[in-house]
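1. Next come a sequence and a model predicted from it.
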Amino acid sequence: MRLTLLGRVVAVLVVPLALSGCQLLFPSMYYPPEYPDPGAGASFQLPPMPVDVSYETGTATIDLGDGAPVVLDELVEGSGVTYGATTLTWRNADGWAVSVNSFGIPGEPASPFDNSVGIKRIVDKSFWVTDTTFNPGACKVALDEHDADGFKGSATCTNVRWQDGLTADPMYTGTPEYVDGQPPFDATITFEAHAKAR
């Protein structure tokens, strides 16, 4: 079957477009105006992969407003930055712990949505955690330092509750089980960690 003249013209226009991609005929759709020469192979740059960091020492405090602050004098081994995710945990011998997670890039300004904090506690034979998995806006985290040398900041938690640690898992799909007799509370947390002993 022979193509008509119109069919040949359409083939000449469509085949090169399909084989080469639309960017050759419509470069402004693929390159922003700041790239004056799309033919030069301009491309978008991804941010550099964050460098892994291990924090070695640090302390944290939890002020519940009912007396002396709870002091967490041990930074758990493994706290640091791995593949761009920062996870640190401080604890003490009395069964208290605080974990902070940040998904911001060290050295770059962090969004408020990049950070989260949770308080954990062992009471008798029970494991309590704050309900920040089901109530993520309850704690506001502010970072003062987040780089290869150190991690420092604070968090203000409002109207958080203790819940059973097993039902706090993100994979748990049921209703969280709050600890009986424990009313909502506020807490102010401060924390710091250092890559080298100071």
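-> Perfect, I can see it now.
2. okay, now the domains of this structure?
-> The record's domain split for the chain, according to automatic domain parsing, is 5-40, 53-194.
3. worst average pLDDT in those domains?
-> Ranked by mean pLDDT, the domains of the chain bottom out at domain 5-40, with a mean of 56.
4. Buried residues, the host helix or strand of residue 159. List them.
-> Here residue 159 sits within strand 150-160, counting by DSSP states H and E. By neighbour count on 16 or more other CB atoms under 10 Å, the buried set for strand 150-160 is 150, 151, 152, 153, 154, 155, 157, 160. C-beta coordinates here come from the backbone N, C-alpha and C atoms, glycine included.
5. mind putting those in CSV, distance to residue 58 included?
-> Below are these laid out as CSV (distance: CB to CB, whole Å):
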residue, distance to residue 58
150, 8
151, 8
152, 9
153, 11
154, 14
155, 15
157, 19
160, 23
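6. Nearest to residue 190 among the residues you listed?
-> Nearest to residue 190 out of these is residue 154 (CB to CB; 4.8 Å).
7. so who does residue 122 touch?
-> 95, 128 (CB atoms under 8 Å, 6 or more residues apart in numbering).
8. Who does it form a beta bridge with?
-> residue 127 (DSSP bridges).
9. Quick check: the gap between it and residue 114.
-> 29 Å (CB to CB, to the nearest Å).
10. What of residue 146?
-> 10 Å.
11. intersection of neighbour lists for those two?
-> Common neighbours of residue 146 and residue 114 (CB under 8 Å, 6+ apart) are 102, 104.
12. Just confirm residue 192 contacts residue 150, I think it does.
-> Yes: the pair residue 192 / residue 150 is scored as a contact, 6.8 Å apart, by CB atoms under 8 Å.
13. wait, doesn't residue 100 sit right on residue 114?
-> No: using CB under 8 Å, residue 100 is not in contact with residue 114, being 11.1 Å away.
14. More neighbours: the two, which one.
-> Counting neighbours by other CB atoms under 10 Å for residue 100 and for residue 114 shows that residue 100 has the greater number, 24 against 17.
15. Identify the residues contacting the strand or helix carrying that one?
-> Assessed by DSSP H and E, residue 100 sits inside strand 96-102. By CB under 8 Å, 6+ apart, the surrounding residues in contact with strand 96-102 are 60, 62, 70, 72, 76, 85-91, 110, 114-121, 141, 143, 146, 151, 153, 155, 189, 191.
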